[in-house]
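K.L.:
need a 3D model of the sequence below.
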Amino acid sequence: MTPDGDRTRDGRLEGKIAAVTGARGGIGQAICERFAREGARVMAGDLARGDAPLPAGVDYLPLDVTDESAVRGFFDQVTATAGRLDILVNAAAIEIEKTIEDTSLEDWNRIFAVNVTGTFLVCKFALPLLRAAGGGSIVNFGSYDGFIADPGLAAYCATKGAVHALTRAMACDHGPENIRVNAICPGFIDTPMLQSFFGTSGDIESLKDEVRRIHPVRRYGTPRDAASLVTWLASDEAGYASGQLWVLDGGLTAQVQQMRVP
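P.N.:
Take a look at the predicted model:
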């Protein structure tokens, strides 16, 4: 067993070079840690280094995914440091909790800049490296909110729908180059972003318990749950998986909510 309670992994990413954006967030950090345990060398891109220590095999590189020159520079550093790229994970994202009427144009442009344009730019500059390596895997982060909608997340839902469409288009364009592209679409994952969504007013703990109970598995997801699915999609085991939107929501969207009974 590893110190965090997970079983020792089998090195399914041994010798791979991976780049992860949003790498210091809850899900991004879990992906970096898991990739390193699986034998990959990880280039961890984010705006800030953060306080948590980086595990062996993970190198921090500063990255603003909204800045084209910064993204180009990031991949120049990946090339200089690691010499190649096999895996790309786009985990950088922000959330704006407003209806469309309350969303300013500045809000709209900002969330699209990070969630959509950021994914576009990172993929654009990663593709030549993946092609030079003979192929690889790209894993984007969509959301179940790209299929259905939570209240007060209009712009966020729109960005995730765009990521879903971009993922499928890239899978079609680059599959002949042995580059697979998939998106993971999480539901309620226990991260700071989820805590922000719940807010701080009212009986928050009762709300959290009620939302937990409507999940068939009766719990929220964890960053490790997301990291496990990303690891499989990044590995050679998933060699025939491409162009798909993998919903990770504990069965939440499998049920008809208005017909749920205790």
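
K.L.:
when you work out contacts or count neighbours from here on, use the C-alpha atoms and nothing else.
P.N.:
Noted.

K.L.:
quick check: next helix or strand after the lowest-mean-pLDDT helix or strand in the chain?
P.N.:
The weakest-scoring helix or strand in the chain, judged by mean pLDDT, DSSP states H and E, is helix 192-198 (a mean of 64). Using DSSP states H and E, the helix or strand that follows helix 192-198 in sequence is helix 204-213.

K.L.:
can I get the strand or helix carrying Ala126 as PDB, trimmed to CA atoms?
P.N.:
Taking DSSP H and E as the criterion, the element that holds Ala126 is helix 118-132. Extracted in PDB, the C-alpha atoms of helix 118-132 (Å, rounded to 0.1, in the frame of the first residue of the first chain):
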ATOM      1  CA  GLY A 118      -7.000  27.400 -22.900                       C
ATOM      2  CA  THR A 119      -7.800  23.800 -24.000                       C
ATOM      3  CA  PHE A 120      -7.500  24.900 -27.600                       C
ATOM      4  CA  LEU A 121      -4.100  26.500 -27.200                       C
ATOM      5  CA  VAL A 122      -2.600  23.800 -25.100                       C
ATOM      6  CA  CYS A 123      -3.700  21.100 -27.600                       C
ATOM      7  CA  LYS A 124      -2.500  23.200 -30.500                       C
ATOM      8  CA  PHE A 125       1.000  23.400 -29.200                       C
ATOM      9  CA  ALA A 126       1.100  19.900 -27.800                       C
ATOM     10  CA  LEU A 127       0.100  18.200 -31.100                       C
ATOM     11  CA  PRO A 128       3.400  18.500 -32.900                       C
ATOM     12  CA  LEU A 129       5.200  16.900 -29.900                       C
ATOM     13  CA  LEU A 130       2.700  14.000 -29.700                       C
ATOM     14  CA  ARG A 131       3.000  13.500 -33.500                       C
ATOM     15  CA  ALA A 132       6.800  13.400 -33.300                       C
END
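
K.L.:
which helices and strands does that helix pack with?
P.N.:
helix 68-82, strand 87-90, strand 136-141 (3 or more C-alpha pairs under 8 Å, 6 or more residues apart in numbering; DSSP states H and E).

K.L.:
and the first one with helix 118-132, angle?
P.N.:
Think helix 68-82. Put simply, helix 68-82 runs at 30 degrees to helix 118-132, going by axes from the mean of the first three to the mean of the last three C-alpha atoms, to 10 degrees.

K.L.:
so which residues make contact with helix 68-82?
P.N.:
Applying C-alpha atoms under 8 Å, 6 or more residues apart in numbering, the external contacts of helix 68-82 come out as 17, 19, 43, 45, 61-65, 84-85, 121-122, 125-126, 129.
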